[in-house]
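Asks: build the 3D model from these lines:
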Amino acid sequence: MNEIDKALEFCQEKLIVQKDRLGENHLRVARTLMIMSDLIENNDPNGALQYYEEALSILEDFKPFDYQITSDCLTSMACLYENYDMFEDALRCQHRALELNRQTFTSDHINIANSLRNVGILYEKLNNPSEALRYFNESLSIYRANYGPDHKDVKRGEGDIASLKK
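Replies: Reported below is the predicted structural model:
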C-alpha cells in the first residue's frame with residue numbers, strides 16, 4: 001500500500017466518523033471529500049469529480065455559507081475539468097468561483113486576480129481571445145496595484161497578454 005492509498009484509507013475512516021458525529025451535510029465532511037478528491041484526481045478523475053460534486057452539494061447547502069471553501073472546491077473542479085480538456089465545464093466552475101470571490105474580497109484582492117486569470121486561460125483554450133484578453137487585462141491591473149511592475153505575477157500576466165497578440 002503506497003502513501004496515497006494510506007491517506008485515502010485514513011480519510012475514508014475519518015469520513016465515517018464525521019458523518020456519524022456531525023451529520024452527512026457538515027462542512028468538515030465536505031473538506032474531507034475535497035481532500036479525498038485531491039488524493040485520487042491523477043489516478044481516478046471520475047471518482048475525484050464525484051467527491052468534489054458531493055462536497056459542493058454540501059457546501060452550497062451549509063449554513064452559514066462558506067464562500068472561500070466553496071470557491072476553492074469550484075476552482076479544484078475547474079482544474080480537474082481543464083486537465084481532461086473539458087474546458088466548458090471548467091469555465092462554468094471558474095466563473096462561479098470568481099463570483100464567490102467577488103462577494104468575499106475587495107475588488108483589488110489577489111484571489112480575484114487569480115480567478116480572473118484562470119477564466120482568461122480557459123477562454124484562450126476555447127479559442128476566444130477577446131474574452132481571454134478582457135480577463136487577462138483585469139487580472140493584470142490587480143496584480144500591478146498589489147505588487148508593482150517587477151513582480152513575477154505581473155510579468156506572467158504581461159506574458160499572457162503578449163501570447164494572445166501573437
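
Asks: pick out the residue nearest the middle of this structure.
Replies: T75 (1.1 Å; CA atoms, centre = their mean).

Asks: quick one: contacts for that residue?
Replies: Remark: with contacts taken as CB atoms under 8 Å, 6 or more residues apart in numbering, T75 is in contact with 93-94, 97, 115, 118. Yep, even glycine has a C-beta here, placed from its N, CA and C like the rest.

Asks: helix or strand: which one has it?
Replies: helix 67-83 (DSSP states H and E).

Asks: mean confidence for the very next helix or strand once past that helix?
Replies: Going down the chain from helix 67-83, the next helix or strand is helix 87-104, by DSSP H and E. Averaging pLDDT along helix 87-104 yields 97.

Asks: with just CA atoms, put helix 87-104 into PDB.
Replies: What follows is helix 87-104, C-alpha atoms only, in PDB (Å, rounded to 0.1, in the frame of the first residue of the first chain):
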ATOM      1  CA  PHE A  87     -13.000  23.500 -20.900                       C
ATOM      2  CA  GLU A  88     -16.700  24.400 -20.900                       C
ATOM      3  CA  ASP A  89     -17.200  22.700 -17.600                       C
ATOM      4  CA  ALA A  90     -14.000  24.200 -16.300                       C
ATOM      5  CA  LEU A  91     -15.200  27.700 -17.300                       C
ATOM      6  CA  ARG A  92     -18.600  27.200 -15.600                       C
ATOM      7  CA  CYS A  93     -16.900  26.300 -12.300                       C
ATOM      8  CA  GLN A  94     -14.300  29.000 -12.600                       C
ATOM      9  CA  HIS A  95     -16.900  31.700 -13.300                       C
ATOM     10  CA  ARG A  96     -18.800  30.500 -10.200                       C
ATOM     11  CA  ALA A  97     -15.600  30.700  -8.100                       C
ATOM     12  CA  LEU A  98     -15.000  34.200  -9.400                       C
ATOM     13  CA  GLU A  99     -18.500  35.300  -8.400                       C
ATOM     14  CA  LEU A 100     -17.900  34.000  -4.900                       C
ATOM     15  CA  ASN A 101     -14.500  35.600  -4.600                       C
ATOM     16  CA  ARG A 102     -16.100  38.900  -5.700                       C
ATOM     17  CA  GLN A 103     -18.600  38.600  -2.900                       C
ATOM     18  CA  THR A 104     -15.900  37.800  -0.400                       C
END
